[in-house]
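# Next comes the sequence, and after it the predicted model I'd like to discuss.
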Amino acid sequence: MNFLVIDDDKTFRDATCYLIEAAGHYPEGAATARQGLDALREDNFDAVLLDLNLGADNGLDLLGEIQKLHPQIPVVMFTAQGSVKIAVEAMRRGAVDFLEKPFQREQFMTVLARLQRLRHLNQRIEKLEQQVTETQSQNLEPIFDFTSPAMRGVMELLLRAAKTPASILILGETGTGKSVAAREIHQKSHLADKPFVTVSCPSLSRELLESDLFGHVKGAFTGAVKDHWGKVRAADGGTLFLDEIGDLPLEIQPKLLRLLQEREYERLGENVTRSATLRIIAATNRDLKQRVAEGAFREDLYFRLHVITAEMPPLRLRNGDLLRFATYYEEHFARQCGRPPGGLSPEVVACLQAYSWPGNLRELRNVMERAVILARNPQVAPEDFPVELRTLSAPNPAAENLLLPGSRVSLEQLEEAHLRKILSQIKNLSEAAEILGIDQATLYRKRKRLGIE
């Protein structure tokens, strides 16, 4: 938990911060009411410990300011002149507890445990509210009930690993759903009620990324005007997701390796070793073996991450998922535009299946959103798609429409047309066999029977 201790007595403030840190939490001190309010505006805290007498300031008045600024933050009052009357007044104004100075360590630990229970309850409430909000807003995050055998195998592996503390490495092209898979792993794990924290490795400069990960102390670098706790601390007890780890700067990699091996880290500008218990999930669209060979990625870090590895198949290998997600997106954006879903016509299905989807799920989402917005009729039509999809779907529409599912043609004709189209797009026979859901020997026999080169 993050605690803010507001007390003008430095000795007492430091001693309280020491007790908090010794109990495995993260304290920050403030000597005046102004410093306390500034800290509350700049950072997120789980609880405030507030002295009743702050020199010229009154703790009860500051309690009111804190309640206005962050009504959800629990505040514990303490004072050297305790009385039943003062305690009652503090509780009436919104304090959750009261401690008389000097207090015993056991008394303080009891209050700390009460604050932890309160925080856990609030987190449960927030999680339930978030689930309700996502349901009401038709959250666009895809649901993991994949129809393609390749994807089912990947998710089965990942979800088996989810229940263990092992590091997980997710490979795959951009837009294949690596971050969605990482969150699914967390939700299906024993850490589901703990934090899930994401760090995007290519998004910041080396120094800012190191600070974002491990934190820094005031004065560690230009612009470090106050102490900062990083994402490692925020993820403590839960999951840290390192997105695009293949772009992690070489200078930071030894520190990440230390975190993985020893569960220890240090903030920038500080020589205090801290511990963190967390599970790391990493994802990248890079070839990490090649990065190791080029000297851009540490081999020992690669092997440490490479405990459980799975590769997300691209959308072009997941025909069933392609149509399911396209339908999902069409329904979502139709509702968003205030009209009933129109479904996917055979012509639209042909367009979608003819395209290779280099941008994968992310590109599919954008294409379907555009099509629904531009559609002149309740049902999306091929002309609502970008030109690159329309031109790939069928050079001869009249002939193509005769061989759509539901047309008055034989199964053998449909099979031959489908095989020819897949093999014209995919030259790799193993990849084509995976799309078709058959083995390579069967594919070879069908090609020979139909005279397909």
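Looks like it arrived, so ask away. Numbering: from 1, shown residues only.
# Contacts for stretch 159-177 next, please.
The contact list for stretch 159-177 (CB atoms under 8 Å, 6 or more residues apart in numbering) reads 142, 158, 178, 181-182, 184-186, 188-190, 245, 260, 279-285, 288, 304-315, 358-363. All C-beta spots, glycine's among them, are computed from the backbone N, C-alpha and C.
# Report how many residues lie close to L450.
12 (other CB atoms under 10 Å).
# wait, what's in contact with it?
Residues in contact with L450 (CB under 8 Å, 6+ apart) are E416, L419.
# distance of it from I435?
17 Å (CB to CB, to the nearest Å).
# hang on, isn't E369 packed against Y328?
No: at 12.0 Å, E369 does not count as touching Y328 under the criterion of CB atoms under 8 Å.
# picking up where we left off before, take the contacts of stretch 159-177 and keep only those in strands.
R279, I280, I281, A282, A283, T284, I308, T309, A310, E311, M312 (DSSP state E).
# Look up the residues forming beta bridges with the fourth one.
Partner residues in beta bridges with A282, using DSSP bridges, are L169, L242.
# domains of the chain?
The record's domain parsing of the chain by automatic domain parsing lists 2-117, 149-313, 316-450.
# pLDDT of the last one, averaged?
Domain 316-450 shows a mean pLDDT of 80.
# and it, how far from the chain's centre?
For domain 316-450, the separation from the chain centroid amounts to 30 Å (computed by CA atoms, centre = their mean, to the nearest Å).
# Using TSV, please lay out the ones in strands among the contacts of stretch 159-177 together with distance to A87 and neighbour count.
TSV is the format used below for the ones in strands among the contacts of stretch 159-177 (distance: CB to CB, whole Å; neighbours: other CB atoms under 10 Å):
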residue	distance to A87	neighbour count
R279	42	23
I280	45	22
I281	47	30
A282	50	29
A283	52	24
T284	55	23
I308	53	18
T309	57	16
A310	56	20
E311	61	14
M312	57	25
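# now the domains of the chain in JSON lines, with distance to R124?
Output for the domains of the chain, formatted as JSON lines (distance: least, CB to CB, whole Å):
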{"stretch": "domain 2-117", "distance to R124": "11"}
{"stretch": "domain 149-313", "distance to R124": "8"}
{"stretch": "domain 316-450", "distance to R124": "28"}
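# For Q123, which of the ones you listed is the nearest?
Evaluated over these, closeness to Q123 peaks at domain 149-313, with 7.4 Å, by CB to CB.
# if I read this right, K231 contacts L209, doesn't it?
No: here K231 does not reach L209: they are 9.9 Å apart, not a contact under CB under 8 Å.
# okay, and the common contacts of those two?
V199.
# circling back to that earlier point, most widely separated two among the ones in strands among the contacts of stretch 159-177?
Top of the distance list for the ones in strands among the contacts of stretch 159-177 (CB to CB): R279 and E311, 19.9 Å.
# quick one: contacts for the residue nearest to T176 when sequence neighbours are not counted?
The shortest distance from T176 to any non-neighbouring residue, by CB to CB, 6 or more residues apart in numbering, is to M312 (3.9 Å). M312 sits next to M151, V154, I170, L171, G172, E173, T176, G177, K178, A181 when contact means CB under 8 Å, 6+ apart.
# Which pLDDT value goes with M312?
Confidence score, pLDDT, at M312: 90.
# Enumerate the beta-bridge partners assigned to it.
G172.
# what's the distance between it and N2?
M312 is 35 Å from N2, by CB to CB.
# which regions of the stretch 51-200 of the chain lie under the pLDDT threshold?
Across the stretch 51-200 of the chain, the ranges flagged by pLDDT under 70 are 81-84, 126-148.
# circling back to that earlier point, nearest to Q336 among the contacts of M312?
For the contacts of M312, the nearest to Q336 is G177 (21.0 Å; CB to CB).
# so what's the backbone phi/psi at that closest one?
Per-residue torsions, G177: phi 100, psi 30 (degrees, to the nearest 10).
# From K188, how far out is it?
From G177 to K188 the distance is 15 Å (CB to CB).
# Surely Q261 is in contact with R304, unless I've mixed up the numbering?
Yes: between Q261 and R304 there is a contact under CB under 8 Å: 6.6 Å.
# For those two, indicate the residue with more neighbours.
R304 (18 against 11).
# so that one sits right up against E262, yeah?
No: with contact defined as CB under 8 Å, R304 does not count as touching E262 (11.2 Å).
# of all the domains of the chain, which lies closest to I125?
domain 2-117 (9.9 Å).
# Can you give me the first-to-last residue distance of that closest one?
14 Å (CA to CA, to the nearest Å).
# From the chain's centre, how far out is it? Work that out for me.
On CA atoms, centre = their mean, the centre of domain 2-117 falls 33 Å from the chain's centre.
# and what of stretch 263-273?
Using CA atoms, centre = their mean, the offset of stretch 263-273 from its chain centre is 25 Å.
# which parts of that stretch are buried?
Y265, R267, L268 (16 or more other CB atoms under 10 Å).
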